[in-house]
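1. Fold the following for me, if possible:
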Amino acid sequence: MKFTLSPSLLSADFMILGEQIRRLEQCGIQNLHFDVMDGAYVPSISFGMPVLKSIRKKTKLVLDAHLMVLEPDRYVEDFRNAGADIIVVHAEACRHLDRTVTHIRQTGAKAGVALNPATPVSVLEEILPQLDMVLVMSVNPGFGGQTFLPYCTDKIRRVREMADLRNPALSVQVDGGVNRNTIQEVLDAGADNVVAGSAVFQGDMEANVAELLAFGEG
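-> Numbers count the residues shown, from 1 in each chain. Modelled structure (predicted):
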């Protein structure tokens, strides 16, 4: 099954970020995953609008901004103006999820909602028809390089089943611990968009991308 591989820039080398993005383009990558952390919703602090804006100037790839921040509605327009094509917010971080999703769509960006591992799929029932993407977190957010939580496989499957009934065009993205050992399980469960950080950027980047993409050719 064909899928979209979205390298997570959280694992990139920022000394040579432009070069790495160019190499990813040459590998056929079409999406980049941009993890935003505020030090409040999650323990870590990463990067924000100025970095995204700089990246936008250098690439036409789809930029997927994953906002791991409290009250993300405050930043929707800023991230859209910086160049985000898709804005993903956490259901757990939104005071009024419908309002935030509507806000995202009004800017012209695609709207996504992320669920932490312990957040039930039922949170999506009312909002699912308004979404372009659901991000199933298969690790607890805040750090790269974590191990995939096995019980999230069934959760991916349930999101896909719900989407097939209520929003067939929905993209199901998975983020956390996806590598050569876990990607087939994720794809078989129904994911069509896979975020990978360490599995892409550690070692031979071109070889890593080719190996991961090959799982979609079977």
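2. residue boundaries of the helices in this protein?
-> For the chain, the helices defined by DSSP state H occupy 17-26, 49-58, 76-82, 97-106, 152-166, 183-189, 198-201, 205-213.
3. Tell me which of those helices lies nearest to F34.
-> Closest to F34 of the helices of the chain is helix 49-58 (C-beta to C-beta; 5.8 Å). (C-beta placed from N, C-alpha, C; glycine too.)
4. any idea which of the helices of the chain is most buried?
-> Stretch with highest mean neighbour count among these: helix 198-201 (a mean of 22; mean count of other C-beta atoms under 10 Å).
5. could you say what helices and strands that helix packs with?
-> If you count contacts as 3 or more C-beta pairs under 8 Å, 6 or more residues apart in numbering; DSSP states H and E, helix 198-201 packs onto strand 4-7, helix 205-213.
6. repeat that for 7 Å
-> Packing contacts for helix 198-201, counted by 3 or more C-beta pairs under 7 Å, 6 or more residues apart in numbering; DSSP states H and E, involve helix 205-213.
7. could I get the helix it packs on in CSV with only the CA atoms?
-> Taking C-alpha atoms only, helix 205-213 is exported to CSV below (Å, rounded to 0.1, in the frame of the first residue of the first chain):
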residue,chain,number,x,y,z
MET,A,205,19.5,9.1,5.1
GLU,A,206,19.0,8.1,1.5
ALA,A,207,19.3,4.4,2.3
ASN,A,208,16.9,4.8,5.3
VAL,A,209,14.3,6.6,3.1
ALA,A,210,14.5,4.0,0.4
GLU,A,211,14.1,1.2,2.9
LEU,A,212,11.1,2.7,4.6
LEU,A,213,9.4,3.6,1.3
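8. would you turn the helices of the chain into a markdown table with mean pLDDT and distance to V136?
-> As requested, the helices of the chain are arranged in a markdown table below (pLDDT from 0 to 100; distance: least, C-beta to C-beta, whole Å):
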| stretch | mean pLDDT | distance to V136 |
| --- | --- | --- |
| helix 17-26 | 97 | 23 |
| helix 49-58 | 96 | 23 |
| helix 76-82 | 98 | 21 |
| helix 97-106 | 98 | 16 |
| helix 152-166 | 97 | 5 |
| helix 183-189 | 97 | 9 |
| helix 198-201 | 96 | 17 |
| helix 205-213 | 97 | 18 |
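9. how about the ones you listed, which one is nearest L128?
-> L128 lies closest, by C-beta to C-beta, to one member of those: helix 152-166, at 5.1 Å.
10. okay, the helices of the chain in JSON lines with distance to P141 next?
-> Shown next, in JSON lines, are the helices of the chain (distance: least, C-beta to C-beta, whole Å):
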{"stretch": "helix 17-26", "distance to P141": "22"}
{"stretch": "helix 49-58", "distance to P141": "18"}
{"stretch": "helix 76-82", "distance to P141": "17"}
{"stretch": "helix 97-106", "distance to P141": "17"}
{"stretch": "helix 152-166", "distance to P141": "13"}
{"stretch": "helix 183-189", "distance to P141": "17"}
{"stretch": "helix 198-201", "distance to P141": "15"}
{"stretch": "helix 205-213", "distance to P141": "21"}
